[in-house]
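Asker: coords please:
(chains A, B and C)
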Amino acid sequence: MSTVLIIEQILNGLQFGVMLFLMAAGLTLIFGVMGLINLAHGSFYMIGAFAAAAVAALTGSFVLALVAALIAAALAGALVEMTVIRRLYATDHLDQVLATFALILVFSEGTRWIFGSFPLFLDIPEFLSGPITLPGGIAYPLYRLALIIVGLLVAVFLWALIEKTRLGIQIRAGENDREMIAALGVDISRLYTMVFALGAALAGLAGALVGAIQSVQVGMGEPVLILAFVVIVIGGIGSIKGAFIGALLVGLTDTLGGIFLPEVFKLFMEHSAATTIGSSLASMAIYILMSAVLILRPTGLFGASQ
Amino acid sequence: MMSERYLNAGVLIALLIVPIWAHLADAPYTITLATRVAILALAAVGLNIALGLGGLVSLGHAVFFGIGGYAMGVLAHHAQTYTALDLGIFTVDGTKSMPIIWLVAVGTSAVAAVIIGALSLRTSGVYFIMITLAFGQMFYYFAISWSTYGGEDGLSIYLRNDFPGLNTLIPIQFFAICFAVLSLVLLLQAGVSRSAFGLALNAARQAPTRVEAVGLNPKRLQFVAFILSATITGLAGALFADLNRFVSPSMFSWQFSGEIMVFVILGGVGRLCGPVVGAAVFVLLEHVLGGLTEFWHIYLGLILLIIVQFARGGIVGLLATDRGQHG
Amino acid sequence: MKTWLLASAAIALHASAAFADLKVGMITTLSGGGASLGLDVRDGFMLAIEQSGRDDIEVVIEDDQRKPDVAVQLSDKMIQSERVDVMTGIIWSNLAMAVVPAAVHQDVIYLSPNAGPSALAGKGCHANYFNIAWQNDNLHEGAGAYANTAGYGNSFVLSPNYPAGKDAITGYKRYFEGDVSGEIYTKLGQTDYAAEIAQIRASDADSVFFFLPGGMGISFLKQYADSGLDLPVIGPAFSFDQGILQAVGDAALGVVNTSQWNKDLGNPTNVAFVESFQEAFGRLPSLYASQGFDTANLLISALEKAPVSDADAFRAALKAAEFDSTRGKFAFGSNNHPVQTIYAREVVKEGDVFTNKTLGVALENHADFYAADCPLP
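Answerer: Below is the predicted model:
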């Protein structure tokens, strides 16, 4: 296996990781600030992708599509927060699980009701299509490179938002002591709506960006949701830094595991058995990683110890 | 509004009367639905012991459900094809006998629960939810690629397994078996929650530090509850496989773990008959709404939302006047 | 429109219940991510029933949500409560394996409009089970045969890591005479193929065979097109059906795929079918719709010869398969699976719509590999 191939696979793992980060960042923020387990986060990913596909079909502009994805997901998030989620903060995790599970059903079938059962079309914009050649002669799709850059920019933006702005101070205060910030006169319900909408918008952005190279269809958010949960648990719930590291770890493990595990097994096994066992193990790899992390560090890599 | 004790009796009597009526009216499918309710309720009763009594929010109980199912599938498959099951050191023949299958289902679920419990109980709270989910996913992907037993296609068992003295192919008789098992397990749970162990477990959930102060280890209590809970869900898995005469990896899926949890929450967490009510309402909604519209999931979702908002403590919590044993 | 047809079917059901000669139970996928296939089968089937003008056929339609245990439950309902004579509709092999063996053992006739698992074609074949679509391996075998005629010598093959995925690669290799330069089993439901595409780029293959049904195929094709790789791609029709192509767009243009049916097949049945389907539903039919349509017409042809109460005569009438198929020639082999021609098609753009154009025959009068194991006469 050549170095070029290994580097290309690492890039792929990174790209997958930063997209997971967009999902996981919102999830971990919402959990950190409001203490809410949101199973419906995958629905915002789907809403983003559908909104982008619809607007791209109307206008032909990818940039407008992305804007639409952000707005649609943020609006859906704010709406859900104000009508349903707001009543759940005081309840235990179980009611949250049930209510957000119910939201998945409503969003998924509602989307199918509006857009029909057939997958939608969303394509990479012309100016980002095709491969470019990186130093070392690696041909790599430009769009995926753009995804990595967007993901990293969002990470920097979130870091700046939380460390440098007034909203960030309120968010950090909210994570530590909810009564305190209410006492300081912060409009806490507005803060919660904003955080929730921000998380939803990030998920919607991820859905639209990834939708251009995947299939825009009902139910697309659920597999990603599970992965995003894995990410935030590995990183430590509530920690943006943890979500970032966790996302990269999961992205790299999943991508590299699928490629290298069958090869590793081929070293000491018969060819087709090695392919089968290696592939099976690869599909379990991130869950094994997650259990290993939790067994060694029960609150994740960057979680506050309990 | 009534006392939870009478409510429980009423729920079980209703679950018994409906299929008997259906049997007399020659409506076998209604019996099948009632059997499905009894089995799903049993799975949820198992989860309720971990969740309601032990305070362990396990989103991986499908693991045990699936293990129970595959215990049935693998044993009956070998019996059906007249091949021996090779366990490495020795081989055994398959079997079509329900009691033996149940023993294997309970035993293998217990072994899995010991391993998963020992590792998962190092964590708590949301981390516990997620690590149990992770174990569920591992089993799911393993089952999909386990080609010896059909992989994603699963295993079909042509005839339902045997129970001494009964003809399990007759719907009402198979229902009787499932209902008897459910009733026995509910009695067992009532006994456990009143025992010294049950009281200590309850205390461990509500005030772990106080339990520690009297020299008990709350984690160990929860560990035992987790294993007990897993064996019951495993047993339900074996029965579910027999109801469908089919097992597949979807029994391991996280959606199924979620569904069992929905049964428990819908009915009322920690309530003795909560899981029975939850499973019955869910199956009924699925059946009625599914016949009305292609987009019935929307209505199911809306109904669940309404229940969460207005019926805290689940349906049993809404109907019962007293707080119940663990309200 | 769809709901209208469903509703009218339900009304017909009640109006004619007392006179119905034949009751059909259709279990298919109508909700969730895989719904487009089930909708096509249902619409094709109901269109044929409607066109026949018969009011003595009742059809009960239920949604299996693509869940095996729900399918089994519905099958119990169909047999125990609705007491149907014939069942049909299942899309996915794993659901078929859950439902079909038990149903045919209970004397129900099952007509498969889509799934054709090998277990039901060989030793597990049954006099009550008829497959009107294909045995699962057929289209992959066609792809292997086409690869030979196209002169490919070294293929990279990939499919999801589940039984149908393994069957696909086995089927391709059974007919492909060249070498296999790499073989990858991906995770079921995987949506990102960057890693696999990089492997293909690094290999010495001259062609790529893939079996990635539904959304998996959409993702793969889009990513493959964007990677700049220009090795020819070949696959079965499942990633190129009419419902999917619009979502793939330009990325699918020119790709060759194999199918037992295409909308441009010139036989009069097919011409009429394509036109009436478009008129009724406002979209082009897919191969799934054609399979649903053929299934209903086969059933109607048998009903014209023998009543369903005379089981032996009715089965013989089904097996004779004397109906006008949208595929032209259609016959059953000894195991009640089709003996049919597999075509190679190419994805083209007609106006704004992506669709397939028939290139030629990949395998003529092709019977499946497992028929020899089937004990049926």
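
Asker: what does the stretch 51-200 of chain B have sitting close to chain A?
Answerer: Proximity of the stretch 51-200 of chain B to chain A, by C-beta under 8 Å from any C-beta of the partner chain, involves residues B:51, B:57, B:59, B:119-120, B:122-127, B:129-131, B:133-135, B:137-138, B:141-142, B:144-147. From N, CA and C alone the C-beta is placed, and that goes for glycine too.

Asker: so which of the residues you listed reach chain C?
Answerer: Intersecting these with the contacts of chain C gives B:141, B:144, B:145, B:147 (criterion: C-beta under 8 Å from any C-beta).

Asker: against which helices or strands is the helix or strand that contains the first one packed?
Answerer: Counting by DSSP states H and E, the element that carries residue B:141 is helix B:125-145. Contacts defined by 3 or more C-beta pairs under 8 Å, 6 or more residues apart in numbering or on different chains; DSSP states H and E place helix B:125-145 against helix A:93-115, helix A:221-235, helix A:271-296, helix B:62-81, helix B:98-120, helix B:254-267.

Asker: what about the ones you listed, which gets the closest to residue C:136?
Answerer: Taking C-beta to C-beta as the criterion, helix A:271-296 is the member of these that comes nearest to residue C:136, at 18.6 Å.

Asker: what angle do that closest one and helix B:125-145 make?
Answerer: Between helix A:271-296 and helix B:125-145, the angle formed by their directions is 170 degrees, by axes from the mean of the first three to the mean of the last three C-alpha atoms, to 10 degrees.

Asker: packing partners of helix A:271-296?
Answerer: The elements that helix A:271-296 packs onto, with contact taken as 3+ C-beta pairs under 8 Å, 6+ apart, are helix A:221-235, helix A:240-266, helix B:98-120, helix B:125-145, strand C:179-186.

Asker: now do that helix, average pLDDT.
Answerer: Confidence over helix A:271-296 (mean pLDDT, whole number) is 86.

Asker: between that helix and strand C:179-186, how many degrees?
Answerer: Per the same axes, to 10 degrees, the angle that helix A:271-296 makes with strand C:179-186 is 30 degrees.

Asker: quick one on the thing from earlier: any idea of the mean pLDDT in the helix holding residue B:141?
Answerer: This predicted structure assigns helix B:125-145 an average pLDDT of 90.

Asker: could you do stretch C:122-136 as well?
Answerer: Per-residue pLDDT over stretch C:122-136 has a mean of 93.

Asker: how about stretch C:317-333?
Answerer: In this model, stretch C:317-333 has an average pLDDT of 94.

Asker: buried set for it?
Answerer: Of the residues in stretch C:317-333, those buried under the neighbour-count criterion (16 or more other C-beta atoms under 10 Å in any protein chain shown) are C:317, C:318, C:319, C:321, C:323, C:324, C:325, C:326, C:327, C:330, C:332, C:333.

Asker: which stretch among the helices and strands packed on helix B:125-145 comes nearest residue B:310?
Answerer: Of all those, the one in closest proximity to residue B:310, counting by C-beta to C-beta, is helix A:93-115 (11.5 Å).

Asker: and chain B, which of its residues are near chain C?
Answerer: Residues of chain B found near chain C, taking C-beta under 8 Å from any C-beta as the criterion, are B:27-30, B:32-33, B:36, B:141, B:144-145, B:147, B:150-154, B:156, B:158, B:171, B:240, B:244-246, B:248, B:250-251, B:290, B:294-297.

Asker: all good on my end, thank you.
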